[in-house]
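Novice: Attaching a predicted model along with its sequence, questions to come.
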Amino acid sequence: MTYIKDLKNEEGKTVSLNGWVSNKRTGKGLVFIILRDGTGLCQCVVTEESIDPTLFQIADKLSQESSLKITGTVHKDERQVGGYEIQVTDISVYHIAEEYPISNKPHGIEFLMDNRHLWLRSRRQWAIMKIRNTISFAIHKFFQENDFVQMDAPIFTGNACEGTTNLFETEFYDTPAYLSQSGQLYGEAMAMAMGKIYTFGPTFRAEKSKTRRHLSEFWMIEPEMAFYDLDMNMDLIENFLRYVVSDVLKNCEEELAIIERDTTILKNIVTTFPRLPYDEAVRIIKGEQDVNGKNSIKTLEADLEKVQQRIAAIEADIKEREEKIATPGMKKGEINFNVNKISDLREELKDCEEDARNIPQWLESARTFKYGEDFGGSDETVLTRLFETPIMVYNWPHEVKAFYLKRATDSRFAKGVDVLAPEGYGEIVGGGERETDKDLLIAKINEHELPMEAFEWYLDLRRYGSVPHAGFGLGLERLVAWVCKLPHVRETIPFPRMYGRLLP
Ligand code: 4AD
Ligand code: MG
């Protein structure tokens, strides 16, 4: 058996490929099958005169997604998908598929999500899953090459790490328990044993939030390092993200092309990430301070105007084409051309209309942002649209951040850092230096109304050889969403779990 990705080594030879019919066209005495095998696509040509008549009949009747084994000779052909073509000499069918629900026509997102188990077979989804895989592997490579020990944190937990408002409660025998929101607290314990560790596991958040950034179950990477302070942590984050994104650029050229990702901004990953104290980030959001010659409010206003103009232009274009189609005596080819063009324009119109709805909200939230608050999704969008690289916002008002963050010298602030991805993506990493003062920690646990008995073991880490330490958490799906420039995290994970969706 040969895989499509390896055809380049088989030119002129006879090979057997296993796969599924991704597409099929027929001509006189000819059947063109686009075969998909998980490693790529390949056109297989069945010619009536060079194959058994019963096999030709079979090829002629193959439905989309039927599974089969194809044998034939490999020919180089630059014009074909993948660059190679098979002249088929034999076919053996595994299964003739029933009428496949997903066609090349546009489908609504809810329909595609209901059919996620099948949608994963489409080219775009394939490319995204490959990029996710490359990112996962790069993450392990980075930490393993830098002497971090991978650890697995428990999923059943007896305490809240990230506050109590978004806990999934379950039962552990007769005791209430929670699905882990973060492996961090366990990571801190392991760092005191191993020096530098990282977790890579599923985490759970129960907020009933239907935004493009939220999943109920997502995969988080959490390194934790003994003897690290906030600055060392930020250096590590920057090197880490640079390594991972560079790895994708190196290894996923084909996948990035399939999803039509403009990689210019990804290539900026080699430049230094701006580090902004919270105070400065707030001034930028509110339009009180410009960045790279851009003002948040003025940029949004200009964008809104551009979008409104574009909407008017698209609407006029659609109208004109519809009139053209309706003209008597129009050639079929020209009608088809215009029908397709209209469908593309409608897609673009939808995006523009969404922008036209969103931008006024972003403007509103930028204008009304109150100093001292945490950033919401809109604030992150406003801020990161002004930058061409990820940015790091540090020194947060301690009241809005988690209980475990170390207080800064100016005690109004905590030594937390959020990394926000550009192009409006927002937070992909949250982390910081950890509080080592046991009494301050106890006060914080009480302030957050967390049950002290569940944290006694955690306080032990401050009783026995307490050291400065720091760490962070990267949301895998948020990173994949930005790298692929996806409109929503639901396409970054094979089977998303989110508010309103448990199936398939
Ligand atoms: O900022 P968060 O809540 O931080 C923590 O959990 C820390 N314990 C991490 C640490 O310091 N070890 O979450 C970290 C990251 C976020 O920046 C985001 O990328 C992702 O996890 N994340 C989510 N991703 C998808 N859906 C959600 N509901 C997410 N909540 C957080
Ligand atoms: Mg956070």
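Specialist: Nice, I can see it. Residues are numbered from 1 along each chain as shown. Ligands and ions are numbered 1, 2, ... in the order given.
Novice: So which residues on this protein come close to ligand 1?
Specialist: Residues of the chain found near ligand 1 (C-beta under 6 Å from any ligand atom) are 161-162, 182, 184, 205, 214-215, 218, 220, 222, 427-431, 471-473, 475, 477-478, 489. Every residue, glycine included, has its C-beta placed from N, CA and C.
Novice: where does residue 210 land in three-state SS?
Specialist: Counting by DSSP: H, G, I helix; E, B strand; the rest coil, the backbone at residue 210 sits in coil.
Novice: hmm, I was thinking of residue 417
Specialist: At residue 417 the chain is in strand, as set by three-state DSSP.
Novice: Who are the contact partners of it?
Specialist: Counting by C-beta atoms under 8 Å, 6 or more residues apart in numbering, residue 417 touches 230, 233-234, 237, 392-394, 429-432, 472.
Novice: Could you tell me which of these belong to helices?
Specialist: 230, 233-234, 237 (DSSP state H).
Novice: just checking, what packs against the helix or strand of the chain at the bottom of the mean pLDDT ranking?
Specialist: Lowest mean confidence among the helices and strands of the chain (mean pLDDT, DSSP states H and E): helix 332-368, at a mean of 92. With contacts taken as 3 or more C-beta pairs under 8 Å, 6 or more residues apart in numbering; DSSP states H and E, helix 332-368 sits against helix 296-326, helix 377-384.
Novice: okay, residue 228: pLDDT?
Specialist: For residue 228, the pLDDT comes out at 98.
Novice: residue ranges with poor pLDDT in this structure?
Specialist: Along the chain, the model assigns pLDDT under 70 to no residue.
Novice: now residue 205, nearest residue through space, not along the chain?
Specialist: residue 166 (4.6 Å; C-beta to C-beta, 6 or more residues apart in numbering).
Novice: related to what we said a few turns ago, just put the contacts of residue 417 in TSV and tack on neighbour count and distance to residue 294.
Specialist: Formatted as TSV, the contacts of residue 417 follow (neighbours: other C-beta atoms under 10 Å; distance: C-beta to C-beta, whole Å):
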residue	neighbour count	distance to residue 294
230	22	28
233	26	28
234	22	24
237	23	24
392	21	19
393	24	17
394	24	22
429	22	24
430	22	26
431	27	27
432	25	28
472	25	28
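Novice: which of the residues you listed lies closest to ligand 1?
Specialist: residue 430 (2.5 Å; C-beta to the nearest ligand atom).
Novice: so who does residue 77 touch?
Specialist: The contact partners of residue 77, taken as C-beta under 8 Å, 6+ apart, are 43, 83-85.
Novice: what residues go with each domain of this structure?
Specialist: According to automatic domain parsing, the chain comprises the domains 4-95, 116-267+465-491, 298-365.
Novice: So which of the ones you listed is the most surrounded?
Specialist: Comparing these by mean neighbour count (mean count of other C-beta atoms under 10 Å), domain 116-267+465-491 ranks first with a mean of 18.
Novice: distance between it and the chain's centre?
Specialist: Centroid separation between domain 116-267+465-491 and its chain, computed with C-alpha atoms, centre = their mean, to the nearest Å, is 11 Å.
Novice: Give the next helix or strand downstream of the particular helix or strand that has residue 442 in it.
Specialist: Taking DSSP states H and E as the definition, one finds residue 442 inside helix 438-447. Next in sequence after helix 438-447, counting helices and strands by DSSP H and E, comes helix 456-460.
Novice: pull the CA atoms of that following helix into PDB?
Specialist: Extracted in PDB, the C-alpha atoms of helix 456-460 (Å, rounded to 0.1, in the frame of the first residue of the first chain):
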ATOM      1  CA  GLU A 456      -3.900  23.300  52.700                       C
ATOM      2  CA  TRP A 457      -1.700  21.100  50.500                       C
ATOM      3  CA  TYR A 458      -1.100  24.100  48.300                       C
ATOM      4  CA  LEU A 459      -0.100  26.200  51.200                       C
ATOM      5  CA  ASP A 460       2.500  23.500  52.200                       C
END
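Novice: residues in contact with it?
Specialist: 159, 185, 188-189, 438, 441-442.
Novice: one step back: just put the ones in helices among the contacts of residue 417 in CSV and tack on distance to residue 342.
Specialist: Shown next, in CSV, are the ones in helices among the contacts of residue 417 (distance: C-beta to C-beta, whole Å):
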residue, distance to residue 342
230, 53
233, 51
234, 49
237, 45
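Novice: Columns distance to residue 387 on top of the domains of the chain, output as CSV?
Specialist: Output for those, formatted as CSV (distance: least, C-beta to C-beta, whole Å):
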stretch, distance to residue 387
domain 4-95, 36
domain 116-267+465-491, 9
domain 298-365, 11
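Novice: who's in contact with the residue lying closest to residue 346 once chain neighbours are set aside?
Specialist: Nearest residue to residue 346, sequence neighbours excluded (C-beta to C-beta, 6+ apart): residue 318, at 7.1 Å. Counting by C-beta under 8 Å, 6+ apart, residue 318 touches 342, 345-346, 349.
Novice: Fine by me, thanks again.
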